[in-house]
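give me the fold of what follows.
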Amino acid sequence: MKPLGPIPPGFAAIDGELAVGGRKASVLVADAGGTPLFVYSADLIRRRVAELRVAMPERLRLHYAVKANPFGPVLELLRDLTDGFDIASQGELGIVLSAGQDPRRTSFAGPGKRDAELEAAIRHEVTVNLESEGEARRALAIGERLGLTPRLAIRVNPEFELRGSGMKMGGGARPFGVDAERVPALARAVIAAGAEWRGLQVFTGSQALDAGAIVETQGNVLDLAARLTDAIGASLPHLNMGGGFGIPYFHGDAPLDVAAVGSALEDRFADLPGELAGTEFAIELGRYLVGEAGIYLARIVDRKESHGQVFLVTDGGLHHQLAASGNFGTVVRRNYPAAIATRFGAEAAEEASIVGCLCTPLDRLADQALLPRAGEGDLVAIFCAGAYGATASPSAFLGHGPAREVLV
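Predicted coordinates for the structure are as follows:
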């Protein structure tokens, strides 16, 4: 038996069935037209943002990393709950504009920005987080050709990283950002060229559950920003401090102590060096805002046994929930939180594996988990599906098509 991850708080049962927003899973599926279906809870997203606002210093801005979940209704909700969006492509720019987001409250990071993407960002007055000197030259040339002043910041590749992060984005040789020692010269060149200087972004890692590690990294980011600002010789209008806040996916994971992070950051803000006195600060969060607010529902189409093991075969799979299958950067496969949605709260009665409909042994959503007995027609729920689900999975694989999505 392999333990399941912890089901996030905030989910309830109605008549023995998992419910979201006061509606049973079977009703949500019927209203959506079938399974597989991603369901995102607006109430849980609002609650998470409100909790963060209380925990973090008042002067800290909260940005949403669109790549975590770019579903239109989710963006429309977060547009009014957060202070800005962070995007990583021209495609995401189009999505956030469709959601009514002010492009001046949007920043664009990511290596390999094409000229057409830079032009679109400059035309819409999006802040471009420069990843290299070459990208800076192209952005300045495009701005000159258009007769527009580009809004430019620099993404910094620091010497340090976020300890314990699931994906490290800083320290050493990286395709992301400009090495810290080269930032002052580039910043001075950008300012001298007449661009609107928008500051720095320092993103060091993601999916950290250790508050001490995040506090340490945020302190390092502030120290680095002060040194770079002094070397640049111009005030720092904005500092995107990155994110890295993780959520519990697996058995034994403990939730991040955001109160401890906020308290430590409040202390640092009370004793800022002069170089940062007038700086606007922001953190950039994706999965922390939406990850635990989403579930993935699939219907069991077959119950079978093989060599004494039970397999619950669903109409879903890794083509929608790649991360839950263990094929999205994890070294050792562990079970996400999962449940039989139509028997939510029932006693566990057997060991079973929840698998998908794809012709590959990698297509497992829960492996040898202790579950209530279930069969054909029952719905299964995979939790922590609000981030890096639908758009981070190979939905075209084997031609089964994308899952439905709904915000309730």
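
show me which residues of the one helix or strand Ala226 maps to are buried.
Element membership of Ala226, judged by DSSP states H and E, is helix 211-232. For helix 211-232, the neighbour count (16 or more other C-beta atoms under 10 Å) marks 211, 213-215, 217-218, 220-222, 224-226, 228-229, 232 as buried. All C-beta atoms are positioned from the backbone trio N, CA, C, and that covers glycine.

pick the one among those residues closest to Asp367.
Ala213 (29.0 Å; C-beta to C-beta).

distance of that closest one relative to Thr204?
10 Å (C-beta to C-beta, to the nearest Å).

what do you get for Glu92?
22 Å.

kindly report the domain assignment for the protein.
12-40+294-407, 70-285 (automatic domain parsing).

roughly how far is the longest one from the heart of the chain?
Here the centre of mass of C-alpha atoms in domain 70-285, compared against the chain's by C-alpha atoms, centre = their mean, to the nearest Å, lies 14 Å away.

closest one to Val190 out of the buried residues of helix 211-232, please.
For the buried residues of helix 211-232, with Val190 as the reference and C-beta to C-beta as the criterion, the closest is Ile232, at 9.6 Å.

output stretch 291-311 as CSV, nothing but the C-alphas.
Extracted in CSV, the C-alpha atoms of stretch 291-311 (Å, rounded to 0.1, in the frame of the first residue of the first chain):
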residue,chain,number,x,y,z
GLY,A,291,-3.3,24.6,-6.7
GLU,A,292,-5.3,23.4,-3.8
ALA,A,293,-8.5,25.0,-5.1
GLY,A,294,-8.8,22.6,-8.0
ILE,A,295,-9.8,18.9,-8.4
TYR,A,296,-9.8,16.7,-11.5
LEU,A,297,-12.8,14.4,-11.9
ALA,A,298,-12.7,11.3,-14.0
ARG,A,299,-15.3,8.4,-14.3
ILE,A,300,-14.4,4.8,-13.8
VAL,A,301,-15.2,2.9,-17.0
ASP,A,302,-13.8,-0.5,-15.9
ARG,A,303,-12.9,-2.3,-12.8
LYS,A,304,-10.4,-5.2,-13.4
GLU,A,305,-8.0,-7.4,-11.5
SER,A,306,-4.6,-8.6,-12.6
HIS,A,307,-2.4,-10.9,-10.5
GLY,A,308,-4.4,-10.1,-7.5
GLN,A,309,-4.3,-6.3,-7.9
VAL,A,310,-7.3,-4.1,-8.5
PHE,A,311,-7.2,-1.5,-11.3
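
which of the buried residues of helix 211-232 sits closest to Asp115?
For these, the nearest to Asp115 is Ile232 (26.5 Å; C-beta to C-beta).

pretty sure the closest one contacts Arg188?
Yes. Taking C-beta atoms under 8 Å as the definition, Ile232 is a contact partner of Arg188 at 6.1 Å.

tell me which helix or strand in this protein has the weakest average pLDDT.
strand 167-168 (a mean of 50; mean pLDDT, DSSP states H and E).

contacts for the very next helix or strand once past that one, please.
Note on strand 167-168: by DSSP H and E, the next helix or strand toward the C-terminus is strand 178-179. Strand 178-179 is contacted from outside by Leu130, Glu131, Ser132, Glu133, Ile154, Arg155, Val156, Asn157, Leu186, using C-beta atoms under 8 Å, 6 or more residues apart in numbering.

for the protein, just list every one of the helices.
For the chain, the helices defined by DSSP state H cover 25-32, 42-55, 72-81, 90-98, 115-123, 133-146, 183-192, 211-232, 258-269, 287-290.

for the last one, give the mean pLDDT please.
Per-residue pLDDT over helix 287-290 has a mean of 98.

cool, and the longest one?
Across helix 211-232, the average pLDDT comes to 96.

got it, and stretch 104-124?
97.

with stretch 85-98 instead?
For stretch 85-98, the per-residue pLDDT averages 98.

same thing with stretch 387-407?
94.

low pLDDT regions in the protein?
163-173, 175, 331 (pLDDT under 70).

max-length strand in it?
strand 294-306 (DSSP state E).

for that one, buried residues please.
Gly294, Ile295, Tyr296, Leu297, Ala298, Arg299, Ile300, Arg303.

quick one, what contacts Val202?
Arg155, Val156, Pro158, Gly170, Gly177, Val221, Leu224, Ala225, Leu239, Asn240, Met241, Gly242.

what of Phe203?
Going by C-beta under 8 Å, 6+ apart, the list of residues near Phe203 reads Ala109, Arg155, Met169, Gly170, Phe176, Gly177, Asn240, Gly242, Gly243, Glu284.

what about the spatially closest residue to Glu51 that is not a sequence neighbour, how many neighbours?
Sequence neighbours aside, Val258 is the residue nearest to Glu51 in space, at 7.1 Å (criterion: C-beta to C-beta, 6 or more residues apart in numbering). Counted by other C-beta atoms under 10 Å, the residues lying close to Val258 total 18.

I figured Val258 hits Ala50, correct?
No. Using C-beta under 8 Å, Val258 and Ala50 do not qualify as a contacting pair, with a distance of 11.9 Å.

ok so, going back, out of the contacts of Phe203, who's nearest Arg79?
Glu284 (15.4 Å).

hang on, the closest one packs against His63?
Yes. Under the criterion of C-beta under 8 Å, Glu284 makes contact with His63 at 4.6 Å.

what touches both of these two?
Counting by C-beta under 8 Å, 6+ apart, the residues touching both Glu284 and His63 are Asp86, Asn240.

any idea which of the helices of the chain is most buried?
The highest mean neighbour count among the helices of the chain, using mean count of other C-beta atoms under 10 Å, belongs to helix 287-290: a mean of 26.
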